[in-house]
Each structure stands twice: as C-alpha cells, then as structure tokens.
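Asker: Provided below are the primary sequence and the corresponding predicted coordinates.
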2 protein chains.
Amino acid sequence: MAGRVLVVGAGGQLGRKICDTFVSRNWLTFGADVHFPAPAASPMVQIDVGKVRHEDQGKFLISALRSHERIGATGKIDAVVNVAGGFAMGTAAEEAVLSASKNMVESSLYTSIIAAHVACHTLRTGGLVVLPGAAAAFSPTPWSLPYGTAKVAVHHLVRSLDETSGLPAKAKTVGLAPQTLDTPQNRAAMPDADHATWASLEEVAEQIAAWCSDPEALQGGHVYLIQKGKGAAASFEPRTPL
Amino acid sequence: MAGRVLVVGAGGQLGRKICDTFVSRNWLTFGADVHFPAPAASPMVQIDVGKVRHEDQGKFLISALRSHERIGATGKIDAVVNVAGGFAMGTAAEEAVLSASKNMVESSLYTSIIAAHVACHTLRTGGLVVLPGAAAAFSPTPWSLPYGTAKVAVHHLVRSLDETSGLPAKAKTVGLAPQTLDTPQNRAAMPDADHATWASLEEVAEQIAAWCSDPEALQGGHVYLIQKGKGAAASFEPRTPL
C-alpha cells in the first residue's frame, strides 16, 4: 500500500532522489527544505521553510501536513526522513571553527530535532524516523570538530528518540551513517578515490523507501553504517550509535 | 608553582567557586562569562563577553589574555576550564524542544568550542583543557533531548581535541561528568533526595585545581564521572566518553 512521507532536506541531491523514489512508488510525498533549486517536476508537495525561524519550523510543518486534503487534522504519516546537512573540515585552531560548527549544528542537528518534533505529532503507530548521521562520528574527529560534534549529537537523538521521548507507540528511529556518497561534487573533490566503493544516491534512496514501507525488521535506536565493496551492492549494517 | 588559568562560565556558582579556589592558590585567574552577578571580590580578572557574538568570542578572549602584562603576546597559560552550561528537561513532543536545544547547544557546546579555540592559541605545552560533560550523556536521554544532545557533543569534543586538532604538544583534554551537584537550587528542587550523595562545589573545584596543577596523571580524551558515596569524599573516575 502506498504511504505518506515527509522528507526534510528535500532540496538537496539525496533529498531529491529520495522524493523521486517515493513518488515513483505512488507515495504522497512532502518535501521540506530552506531552498529548492527548482520547482518540483513530480507531483510531490514542496514546503519551503526558508523564511521560517528554526523555533517555528516544527509547528509550520505540522500545519502544512494537516492542511493537505489527504491528511487533515487527524491523519497520520508513515515516515519522517531527514537528510539535511552539510560537511565541513576544520580543527579547533581555525578562526572559523565556531561559525562552521553553527552551520553543522543548524543544518544537521536542528533539522533532526524539528523532524523528531513533527514525527511526535503526525507519525502513525509503528512509523519510522530516519535521521542523518555519519560514519565519521563513530570515531574521534580531530580533523573536523564541527562535523563530528553535530553528527554525534544526531546519533544521540537516534538512540534517545522513542515512545518515552514523545513518538507514537511502536515507532522506530534509525540513523544513516554514509561514508562518501557517489555524487558529481565528491568525484570532483576526490578524483583519485575508488568510486566503485561509494554508495550511489539511488541505492540509499531505494533502501530508505524499502525501510519506510516495512519498518518491522529495522533495529530502532541504531545507526546504519553504509558500506560498499568494489562491484557489490551497498550494504546497510546496524550499529549502536556511539 | 602558581600558574595561569582561564575559567569560562566564571559567573555561575561552580565557576565562581573554581575561580576562588585558583585565586587562593595564587594563580593568575581569568574568568569569562556572558554575565557576572557581582564584581569580583578577589583579584581575579573578569572578562565580560556578554556583548560579543559567539563567532568573535575566541578572538576576543585570546586578545584579552595577551593584553595582560603577565601574559603578553607570547606568554602561555596552564589550563582552560569551561563550566558554562545549563540544564533542561523536555521530550521531542514539546513545542519548546528546539529553543531549549538552542539554549543547551549555545551554553555548553559553543562555549566549549570557544574554549578549545582559545586553548589552541594560548595553552602551554602539556597544558590542560577541562570541558563540561554530564553523567546523563553516557546513556540515552529520552527525558531530555536538548540536554543530552548538547552534552554528548561536548563528550565528542573531549575525545577529539588533541594535538592533531590544534592543541599544543602533549596537551590533554578531559571532561567533567557530574551527576547532581550540591547547590541551594538543587536542594530546593529535590528536597527529598539524599544530599549526602551529591558532590559539593568545593570538592569539584579542588579537584579541578589539582588537575590543572599536575595534569600528568590524567587520561586525556576521557570524561571523569563524578560520584559520591554517603559520607565519603567525591570520586572522579575516567570513562571513555560515549
């Protein structure tokens, strides 16, 4: 049965791919972001939060969902997927360490807290929340304090976000922990890397859509490490977050 | 030999006690905060950062230290101690979850990143950085996403902040992970708790001063869990951060 999903970070490359994947499966697909590079070509519902303060985005998104004719005041959705976020290098010695940290915290952590809040009020019993972790945050990150601190905070959300923290009964939260994803930007930045070991956006999007269709087998509170052997399909392995 | 220390969060109860302890040991004591309830009674140097943006506080503090006659452009300090931060309850369902998270991130994490940055540029070889973690952040915190996510991010800083992330050679970073501290506010909030198992501000301040005087025995990259048995002295036990 086709479901209903909210994708946060829908304006990014991975977010667009995820939205397209859900649309192709006939899901009612809401995509939120602070910026969209282009109007949606597909019948997804774009929600632009670029002019909404962080503090108000949760309420704004809940209202946007409930104002849709197929949701209404009491309808529920099946999944909330957040893939917002960025990347930054930088040690503590660099002058920009605080501003880089703010960018990472706002784009990864605050969007995840907003997604969690929306899920508390709109997710169905047994629904799924997917949050944007990082393989790097399983280890110390002296090479990037901004990226590591924000991602480890998202991992902590993954292990903490359950029914006692406000989710509906039997709902689950998992994290995504990709290493490098295969994008044109990453190929340009790392031309000599072995691109055959990078998971594609399609692989990640298909896996997320499969999870949202059937969260039963997932281990809630775990972060799924995304790996890919040369010539193999990407694998998704649950790990304890920290 | 008396040393030199910067205490961030010097306007709070624990911060004031720490400053007083260093002053009583004849340390040159700089205390920074966004607010001081009263002018310093002791000969410590108060640095008010209440009107300085987060992004500029690192540079501001470095400049304030270097403008002191006993430091100068090339002088170093022995330790940077951050005890800024607050406390918040709250699940993801609560409307204020994002604003509470912002408060926690700004007061605990951003001050720690600022303290780390200042340490990179002013700490002596083999000096010490002490950051404000929390015993709660060793476990999931569904009862407080704002507090848990900010503190686990500080713990990640503790395990990541070393020479490769910009600290001087042989410098160490440790975290403080108190359970409830014995303050008038905590006694008022929890009148029926066993106050004999709460570490006092004096015990914590004395331990920090001892560590800063001799960081040799400390395990860098560890968070020290503060516990206290009934009638016993507070203990400080190193743990891996996560």
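Answerer: Structure received.
Asker: show me what the lengthiest helix in chain A is packed against.
Answerer: Across chain A, the longest stretch assigned as helix under DSSP state H is helix A:145-160. Applying 3 or more Cβ pairs under 8 Å, 6 or more residues apart in numbering or on different chains; DSSP states H and E, we find helix A:145-160 packed against helix A:97-104, helix A:111-122, strand A:123-132, strand A:172-178, helix B:111-122, helix B:145-160. To be clear about C-beta, it is placed using only N, CA and C from the backbone, and glycine gets the same treatment.
Asker: now it: mean pLDDT?
Answerer: In this model, helix A:145-160 has a mean pLDDT of 98.
Asker: just stretch A:86-97 next, same as before
Answerer: Per-residue pLDDT over stretch A:86-97 has a mean of 94.
Asker: look up how far residue B:152 lies from the residue of chain A positioned farthest from its centre.
Answerer: Of all residues in chain A, residue A:93 has its C-alpha farthest from the mean position, at 29.9 Å, by Cα atoms, centre = their mean. When Cβ to Cβ, to the nearest Å is the yardstick, residue A:93 and residue B:152 sit 23 Å from each other.
Asker: all strands for chain A, in order.
Answerer: For chain A, the strands defined by DSSP state E cover A:4-8, A:28-33, A:45-48, A:77-82, A:123-132, A:172-178, A:181-182, A:199-200, A:223-228, A:234-239.
Asker: mind putting those strands into TSV with mean pLDDT, distance to chain B and mean neighbour count?
Answerer: Converted to TSV, those look like this (pLDDT from 0 to 100; distance: least, Cβ to the nearest Cβ, whole Å; neighbours: other Cβ atoms under 10 Å in any protein chain shown):
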stretch	mean pLDDT	distance to chain B	mean neighbour count
strand A:4-8	98	13	29
strand A:28-33	98	15	25
strand A:45-48	96	17	18
strand A:77-82	98	11	27
strand A:123-132	98	9	23
strand A:172-178	97	10	26
strand A:181-182	95	22	18
strand A:199-200	97	24	18
strand A:223-228	97	12	22
strand A:234-239	96	12	16
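Asker: redo those strands as a markdown table? Include distance to residue A:110.
Answerer: Formatted as a markdown table, the strands of chain A follow (distance: least, Cβ to Cβ, whole Å):
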| stretch | distance to residue A:110 |
| --- | --- |
| strand A:4-8 | 11 |
| strand A:28-33 | 13 |
| strand A:45-48 | 16 |
| strand A:77-82 | 10 |
| strand A:123-132 | 12 |
| strand A:172-178 | 16 |
| strand A:181-182 | 22 |
| strand A:199-200 | 26 |
| strand A:223-228 | 19 |
| strand A:234-239 | 24 |
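Asker: hang on, the earlier thing: can I get the CA coordinates of the longest helix of chain A in CSV?
Answerer: What follows is helix A:145-160, C-alpha atoms only, in CSV (Å, rounded to 0.1, in the frame of the first residue of the first chain):
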residue,chain,number,x,y,z
LEU,A,145,35.2,19.2,15.3
PRO,A,146,32.2,21.0,13.6
TYR,A,147,31.1,18.0,11.6
GLY,A,148,31.8,15.4,14.3
THR,A,149,30.1,17.2,17.1
ALA,A,150,26.9,17.8,15.1
LYS,A,151,26.8,14.2,13.8
VAL,A,152,27.4,12.6,17.2
ALA,A,153,24.6,14.7,18.6
VAL,A,154,22.3,13.3,15.8
HIS,A,155,23.4,9.8,16.8
HIS,A,156,22.4,10.5,20.3
LEU,A,157,19.0,11.6,19.1
VAL,A,158,18.7,8.3,17.3
ARG,A,159,19.3,6.3,20.5
SER,A,160,17.1,8.6,22.6
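Asker: ok now that helix, how far from the chain's centre?
Answerer: Centre-to-centre, helix A:145-160 and its host chain are 13 Å apart (Cα atoms, centre = their mean, to the nearest Å).
Asker: isn't residue A:241 right up against residue A:222?
Answerer: Yes - in this structure, residue A:241 is within contact of residue A:222 by Cβ atoms under 8 Å, at 7.0 Å.
Asker: between these two, what contacts are shared?
Answerer: Residues touching both residue A:241 and residue A:222 by Cβ atoms under 8 Å, 6 or more residues apart in numbering or on different chains: A:158, A:159, A:175.
Asker: closest to residue B:123 among the residues you listed?
Answerer: The shortest approach to residue B:123 among the shared contacts of residue A:241 and residue A:222 belongs to residue A:159, at 33.2 Å (Cβ to Cβ).
Asker: what's the neighbour count on the closest residue to residue A:87 other than its chain neighbours?
Answerer: Distances taken as Cβ to Cβ, 6 or more residues apart in numbering or on different chains place residue A:147 nearest to residue A:87, at 6.1 Å, with adjacent residues excluded. Neighbours of residue A:147 under the rule other Cβ atoms under 10 Å in any protein chain shown: 24.
Asker: residue A:194 too?
Answerer: Around residue A:194 there are 10 residues (other Cβ under 10 Å).
Asker: give the contact list for it.
Answerer: Listed by Cβ under 8 Å, 6+ apart, the contact set of residue A:194 reads residue A:230.
Asker: from chain B, how far off is it?
Answerer: Applying Cβ to the nearest Cβ, to the nearest Å, the value for residue A:194 to chain B is 25 Å.
Asker: and that residue, what pLDDT?
Answerer: Looking at residue A:194, the pLDDT reads 93.
Asker: what of residue A:1?
Answerer: Here, the pLDDT recorded for residue A:1 equals 65.
Asker: isn't residue A:55 up against residue B:98?
Answerer: Yes - contact status for residue A:55 versus residue B:98: in contact at 5.1 Å, counting by Cβ under 8 Å.
Asker: wait, residue A:84 touches residue A:33, no?
Answerer: Yes - look at residue A:84 against residue A:33 with Cβ under 8 Å: they come within range, at 7.1 Å.
Asker: identify the contacts common to the two.
Answerer: Counting by Cβ under 8 Å, 6+ apart, the shared contacts of residue A:84 and residue A:33 are A:8, A:9, A:12, A:15.
Asker: which one of these sits closest to chain B?
Answerer: Checking those against chain B with Cβ to the nearest Cβ, the nearest one is residue A:8 at 13.2 Å.
Asker: picking up where we left off before, tell me who's in contact with the residue nearest to residue A:87.
Answerer: Residues in contact with residue A:147 (Cβ under 8 Å, 6+ apart) are A:87, A:88, A:89, A:104, A:134, A:136, A:137, A:141.
Asker: most widely separated two among the residues you listed?
Answerer: Those two in the contacts of residue A:147 that are separated most widely, counting by Cβ to Cβ, are A:89 and A:137, at 14.5 Å.
Asker: before I go, just wanted to say thanks for your time.
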